[in-house]
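Trainee: need a structure here:
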Amino acid sequence: MAFDKTGFGDGGPGKKGNAPVIYTYQTADAIADVNTAGYFNDMSDTLAVGDLIYVVSSTGGTRVHTLAQVLSNASGVVDVANGTLLAATDSD
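Mentor: Sure thing, here's the model as predicted:
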């Protein structure tokens, strides 16, 4: 599928100085689609290298939480890292 701006949110206060910003994004797309170069091109004016995107994606209908770093943003092409899976362990 394709990026849907309605699932993209600012995870905190506006950008100040050189500090990275954490954004949120929820989609029915698989993380393998989301972390493909070009997926976030519609946000190239917003995203900066080093920013983080907390992604809630879907794999077979199961929600998957991943933290992906913006690796590059040049000429309108945004590439994010594969991301770090955030495991939800509840051992009680």
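
Trainee: please enumerate the helices of the chain.
Mentor: 31-34 (DSSP state H).

Trainee: which strand runs longest in it?
Mentor: strand 62-74 (DSSP state E).

Trainee: name the residues of it that are buried.
Mentor: In terms of neighbour count (16 or more other CB atoms under 10 Å), strand 62-74 has its buried residues at Val64, Thr66, Ala68, Val70, Asn73. All C-beta atoms are positioned from the backbone trio N, CA, C, and that covers glycine.

Trainee: lowest-confidence one in those?
Mentor: Minimum pLDDT across the buried residues of strand 62-74 is recorded for Val64, with 90.

Trainee: between the two ends of stretch 78-89, how far is it?
Mentor: 32 Å (CA to CA, to the nearest Å).

Trainee: quick check: mean pLDDT of that stretch?
Mentor: Mean pLDDT, computed over stretch 78-89, is 91.

Trainee: now swap in stretch 18-27 and tell me
Mentor: Computed over stretch 18-27, the average pLDDT equals 91.

Trainee: need the contact partners of that stretch.
Mentor: Applying CB atoms under 8 Å, 6 or more residues apart in numbering, the external contacts of stretch 18-27 come out as 1, 3-4, 7-12, 14-15, 34, 46-48, 50-58.

Trainee: got a list of what the closest residue to Asp42 other than its chain neighbours touches?
Mentor: Distance criterion CB to CB, 6 or more residues apart in numbering; nearest residue to Asp42, sequence neighbours excluded, is Phe3 at 5.4 Å. Contacts for Phe3 were tallied using CB under 8 Å, 6+ apart; they are Thr27, Tyr39, Phe40, Asn41, Asp42, Met43.
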